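In: sequence and computational prediction follow.
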Amino acid sequence: MKIIRQIIRLLTIYRIIVRYGLDELLLSSKIFRPLRLLAYFVPGYWLRPKHLTRGMRIRLALEELGPIFVKFGQILSTRRDLLPDDIALELAKLQDKVAPFSGEEVHKILEKSYARPLDEVFADFDMTHTAAASVAQVHAARLHNGRKVVVKVLRPGIKSNIRKDIELLYLFAELAQRYWTDGRRLRPLEVVAEFEKTLYDELDLIREAANATQLRRNFKDSDLLYVPEIEWDYTLSN
């Protein structure tokens, strides 16, 4: 079952890569140039958007591929020394301008998490997002006591999507460690394990709230940084 899931995910990744024309980067190399003719027989080749710049194609592909790929794009966007300006500017949008999920989905997620109607939790809730990133998006709201708050909501199905891609990363890391000359020295399995821990820590909103509370205490009397107070009665782990 795991192998089938990995194959399906690999096919999905390939479909998205072809859809946005990113396969051209691979097929333009000398090694794979003889295979370029085969690209014309892939249906996605003729469906790819022609009006998008290369930076836009890369950004949209990473967004569609999921959180791990968006994280990779975010990291790359900070390395202007490695990327052309047009690509770096597009990838910078992945920091807080990722395509949002709908207000209807937000409504369903919150009512399921709180196990009660949303209007019993908040006096007002703005279904239009304030910002959207790879892991979550935020919405403005007002509590019944009149206090204004910002609500952070995890993307639907994000844990399942991350788990599938982490499985692929472990597969690639295992192959690299087994067959690559420098594999054992670079310890790819340990790298993936650390990356996995970091990702799942970011999905734990209780941990994030605790860290924010500690940071607020640390800067309590500071004029340099303001850290908002956490509403613990409304904070859930997912």
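Out: That came in fine, so what should we check first?
In: residue ranges with poor pLDDT in this structure?
Out: Along the chain, the model assigns pLDDT under 70 to residues 1, 23-50, 182-183, 238.
In: going along the chain, name the strands of it.
Out: 124-125, 131-132, 136-142, 148-154 (DSSP state E).
In: can you add mean neighbour count and distance to Arg163 and give the ones you listed back as CSV?
Out: Where you see a C-beta, it was placed from the backbone N, CA and C, and this is true even at glycine. Listed next are the strands of the chain as CSV, based on neighbours: other C-beta atoms under 10 Å; distance: least, C-beta to C-beta, whole Å:
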stretch, mean neighbour count, distance to Arg163
strand 124-125, 14, 30
strand 131-132, 17, 22
strand 136-142, 18, 17
strand 148-154, 16, 14
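In: how about those strands in TSV, adding distance to Lys71?
Out: Listed next are these as TSV, based on distance: least, C-beta to C-beta, whole Å:
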stretch	distance to Lys71
strand 124-125	28
strand 131-132	14
strand 136-142	13
strand 148-154	15
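In: for these, which one sits closest to Gly55?
Out: strand 131-132 (18.9 Å; C-beta to C-beta).
In: pull the number of nearby residues for Ala92.
Out: 18 (other C-beta atoms under 10 Å).
In: for it, which non-adjacent residue is spatially closest?
Out: Setting aside the residues directly before and after it, Ala92 is nearest to Ser77 in space (C-beta to C-beta, 6 or more residues apart in numbering), at 4.5 Å.
In: and Gln214, which of the strands of the chain is closest to it?
Out: Using C-beta to C-beta, the strands of the chain put strand 148-154 closest to Gln214, at 17.3 Å.
In: which residues touch that closest one?
Out: With contact meaning C-beta atoms under 8 Å, 6 or more residues apart in numbering, strand 148-154 is reached by 106, 109-110, 122, 125, 130, 135-143, 203, 205, 228, 231, 234, 238.
In: swap in stretch 90-101?
Out: Looking at what lies outside stretch 90-101 - C-beta under 8 Å, 6+ apart - the contacts are 53, 55-56, 58-59, 62-63, 70, 73-74, 76-77, 83, 129, 131-134, 137, 155-156.
In: these, buried ones only, as a ChimeraX selection?
Out: In ChimeraX syntax, the buried subset of the contacts of stretch 90-101 is picked out as below (16 or more other C-beta atoms under 10 Å):
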select :55,56,58,59,62,63,70,73,74,76,77,83,129,132,133,134,137,155
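In: out of the contacts of stretch 90-101, list just those in helices.
Out: Judged by DSSP state H, the contacts of stretch 90-101 include 55-56, 58-59, 62-63, 70, 73-74, 76-77 as members of helices.
In: quick check: the farthest pair among those?
Out: Met56 and Gln74, at 16.3 Å, using C-beta to C-beta across the ones in helices among the contacts of stretch 90-101.
In: kindly check the end-to-end length of stretch 92-107 for me.
Out: Start to finish, the residues bounding stretch 92-107 are 29 Å apart (C-alpha to C-alpha, to the nearest Å).
In: oh sorry, the question was meant for stretch 132-147
Out: 23 Å.
In: any idea how far that stretch is from the middle of the chain?
Out: Computed by C-alpha atoms, centre = their mean, to the nearest Å, the separation of stretch 132-147 from the middle of its chain amounts to 19 Å.
In: just stretch 211-224 next, same as before
Out: Its chain's C-alpha centre and that of stretch 211-224 lie 27 Å apart, by C-alpha atoms, centre = their mean.
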